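make a model of this:
(one chain, ligands or ions: 2)
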Amino acid sequence: MSSSVKIASSILAADFSRLGDQVKQAEAAGADWIHVDVMDGRFVPNITLGPIIVEAIRCSTQLPLDVHLMIVEPEKFLDAFAKAGANRIIVHAETCPHLHRTLQQMRELGMKTGVAINPATPLSAVEEILPEIDQLLVMTVNPGFGGQKFIEFCIDKVARAKKLIDQSGAAAAIEVDGGIDRSTAPRVVQAGASILVAGNAIFHHPAGISAAIKELRASIH
Ligand code: DX5
Ligand code: ZN
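Ligands and ions are numbered 1, 2, ... in the order given. Here you go, the predicted structure:
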C-alpha cells in the first residue's frame, strides 16, 4: 500500500528568495509532486502567489504541479493556471456552488481534478461528485498557513472518505494536507490516504530536504 503513496512537497515552506533551487532540490530528493498553495486573502486569511509564480516553477522542474486553489471563484482562474503549467488543480468545495461545472472546466483544460474540503466540512459535500474527482483533499488543518498542528479528528474522516470511495466504486485518491510529518504520515496512510502534502516537514527539516523526504517515506513503510 505505502509503495504507491505520493509525496507532494509544499513550496509554501520553501525559501522564496531561491525558489527554483528549492524545487530542484525537492525533485532530486525524490519528491513525486510539487504542491503549490494559492491564497487570496478572502477564502483564507493569507495571500501567497498567482500564475506567474507557477510559470516560474514550471521552468524549474519536470514534476507534476499540484496547484491548491484556496481562492473564491476559482473557475475564473483555471485557464490561467493551466496555461502556467499546472497539471492537477484542486478547488475547495466551499468556494464552488457549481462544482460539477467547475470540474468539467478543469477536464476540458486537460487537468486532473482535485476537490478539497476543510476540517469542518462534511464528506457529504462531495459524495455526489466523487466519480468526477481524481483526488479528494481532506484538509488536516484549517487552510491558510503552513506549520499548523495536525487536527486529530481528521484521521477518522480520512478513514470514512476511504470507505465512501470504495463503496461507491469511484477511483479518487485521498490527499491530506497540513501537519503531515513522520508521526502523522503513517497514521493517515493507514486510514487510506495515498497523497501526502508536506511543507515544514520537508523544507524546514534540520537535516535538509533530501533527508526529510527519505525520513517521510521511511515512516510509511
Ligand atoms: C495550508 C496549505 C498547506 C501547507 C502545509 O493551508 O494548504 O499546503 O503548506 O504546510 P505544513 O506541511 O507545514 O503543515
Ligand atoms: Zn495546500
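
CA only for contacts and neighbour counts going forward, please
Will do.

gap between D32 and L69?
Note on D32: its distance to L69, by Cα to Cα, to the nearest Å, is 19 Å.

neighbour count winner among the two?
Between D32 and L69, L69 has the larger neighbour count (other Cα atoms under 10 Å), namely 27 against 18.

got the contact list for A125?
Under the criterion of Cα atoms under 8 Å, 6 or more residues apart in numbering, the contact list for A125 reads A93.

could you look up the SS state of it?
helix (DSSP: H, G, I helix; E, B strand; the rest coil).

any idea how far it lies from ligand 1?
To ligand 1, A125 is 19 Å away according to Cα to the nearest ligand atom, to the nearest Å.

tell me the pLDDT of that residue.
As predicted, A125 sits at a pLDDT of 98.

and it, how far from L136?
Distance from A125 to L136, by Cα to Cα: 11 Å.

how about T61?
For T61 relative to L136 (Cα to Cα), the value is 24 Å.

so what's L69 up against?
By Cα under 8 Å, 6+ apart, the neighbours of L69 are D37, V38, M39, I89, I90, V91, H92.

ok, Q148 touching V141?
Yes - using Cα atoms under 8 Å, Q148 makes contact with V141 at a distance of 6.6 Å.

surely K162 is within a helix?
Yes - secondary structure of K162 (three-state DSSP): part of a helix.

close enough to count as contact, it and S194?
No - counting by Cα under 8 Å, K162 sits too far from S194 to count as a contact (10.2 Å).

which residues do those two both contact?
Joint contacts of K162 and S194 (Cα under 8 Å, 6+ apart) are I174.

more neighbours, those two?
S194 (22 against 19).

how about the contacts made by the closest residue to that one other than its chain neighbours?
Nearest non-adjacent residue to S194, counting by Cα to Cα, 6 or more residues apart in numbering: V5, 4.5 Å away. Counting by Cα under 8 Å, 6+ apart, V5 makes contact with V189, A193, S194, I195, L196.

flag every residue of this structure that's near ligand 1.
Counting by Cα under 6 Å from any ligand atom, the chain comes close to ligand 1 at 10, 12, 37, 143-148, 177-180, 198-200.

take these and keep only those in helices.
With helices taken from DSSP state H, the overlap with these comprises N200.
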